[in-house]
Each structure stands twice: as C-alpha cells, then as structure tokens.
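1. Quick one, structure for this:
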Amino acid sequence: MKQKKILLISSVGGHLTQLLQLESLFKNYRYHIVTEKSAITKDLMDKYPISLLLYGARNYPIRYLFKFPYNIIKSLCIFVKYRPDIVITTGAHTAVPMCYIAKLFGKKIVFIESFSKSTSPTLSGRLVYPISDLFIVQWESMKAIYPNAVYGGSIY
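-> Take a look at the predicted model:
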C-alpha cells in the first residue's frame, strides 16, 4: 500500500509550535513542512524537510498586499512539487491559500483550531472550516462556534 504524503503548514510562532507537537504522528508518513522564513525556522531546516514562504503579518497591510500574492504562487508551486494527499494545518494566514489549493486538487484538509482560541474563532478557521474534511478544536466550548468540528483536546 502506498504511504500517504502529508503537507503540514502553519505560520511561524505558536501555530508552528502546535504543528510540531504532532511530530510523533507525522514522522510515520512522507511529510513536508511549510512555514514562514524566520531565524527560528532556519534552524529547523536541519531537522525537518521544510519550504519557506515570506513572513507577512496582516498588521503591516501595505507589505502584506505584496507578500500575500507571492505566497499564494509559491504555495501552488510547493503543492505541485510535493503532491500531498493530505494538508494538515494549525493556521494562520499562511495556510489558507494552501488549503484552497488542496481542495481545488481534491485533497483532504485537516484544520486544527488554535489552542489559544476557546471562545471565538480565528480568521483562518472561519475561512477553512467550510472546505475542511476534518476540523479539530482544542476546547469543547468551540463546538458552539464550529458545530461540525471534532473536539480533540489539547495537542500540548
């Protein structure tokens, strides 16, 4: 049986920290990680197969307007190169285009809502929820916001 290919994507910081908590699961598959370029992620390249997107926070809207389209194109190139069967993400903005690209190619999407959100949704969660195949929340209270989500508990 063919081993599944998994693409794991998140923005840098807490989202990436949560994604890396899944290592005991993803190391059993052919996987590739996509995140944003930073001092932290450069060090991770020695340990994991990683592709880097430009760091682009929404709190710098002018720069974000230029970086976001570039990251969409680069995400498409990464997707075509690695051809994953499943995209797993903990968010945020960096991951949304990749999820839509995966859906366009008929691939499975697993979204894990941020541990830091216990009473309100993230923007990336709201955008990916309608197209996700599995949407996991880390707080039982989030089932009120995402009724079709699965409560998975904390990944920490």
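2. wouldn't residue 7 be in contact with residue 35 here?
-> No - between residue 7 and residue 35 there is no contact under C-beta atoms under 8 Å: 11.3 Å. (C-beta placed from N, C-alpha, C; glycine too.)
3. so residue 153 sits right up against residue 137, yeah?
-> No - if you go by C-beta under 8 Å, residue 153 and residue 137 don't touch, sitting 9.3 Å apart.
4. of the two, who's got more company?
-> Applying other C-beta atoms under 10 Å to residue 153 and residue 137 shows that residue 137 carries more neighbours, namely 25 against 11.
5. how far away is that one from residue 117?
-> Note on residue 137: its distance to residue 117, by C-beta to C-beta, to the nearest Å, is 8 Å.
6. ok, now residue 67?
-> 24 Å.
7. same thing with residue 44?
-> 24 Å.
8. tally of neighbours for residue 116?
-> Neighbours of residue 116 using other C-beta under 10 Å come to 11.
9. Tell me who's in contact with it.
-> residue 14 (C-beta atoms under 8 Å, 6 or more residues apart in numbering).
10. which SS class is it?
-> At residue 116 the chain is in coil, as set by DSSP: H, G, I helix; E, B strand; the rest coil.
11. and what of the one 3 residues further on?
-> Classification of residue 119 by three-state DSSP places it in coil.
12. surely it meets residue 143?
-> No - taking C-beta under 8 Å as the definition, residue 119 is not a contact partner of residue 143, at 11.7 Å.
13. who's more crowded, the two?
-> Neighbours were counted for residue 119 and for residue 143 using other C-beta under 10 Å; residue 143 has more, 13 against 9.
14. and the more buried one, what pLDDT?
-> The per-residue pLDDT reported for residue 143 equals 97.
15. Quick one: the helices in this protein, in order.
-> 14-20, 23-26, 39-44, 61-82, 95-104, 123-128 (DSSP state H).
16. As JSON lines, those with distance to residue 110, mean neighbour count and mean pLDDT would be great.
-> Converted to JSON lines, those look like this (distance: least, C-beta to C-beta, whole Å; neighbours: other C-beta atoms under 10 Å; pLDDT from 0 to 100):
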{"stretch": "helix 14-20", "distance to residue 110": "11", "mean neighbour count": "20", "mean pLDDT": "94"}
{"stretch": "helix 23-26", "distance to residue 110": "11", "mean neighbour count": "13", "mean pLDDT": "94"}
{"stretch": "helix 39-44", "distance to residue 110": "21", "mean neighbour count": "12", "mean pLDDT": "87"}
{"stretch": "helix 61-82", "distance to residue 110": "15", "mean neighbour count": "14", "mean pLDDT": "92"}
{"stretch": "helix 95-104", "distance to residue 110": "9", "mean neighbour count": "21", "mean pLDDT": "97"}
{"stretch": "helix 123-128", "distance to residue 110": "10", "mean neighbour count": "20", "mean pLDDT": "96"}
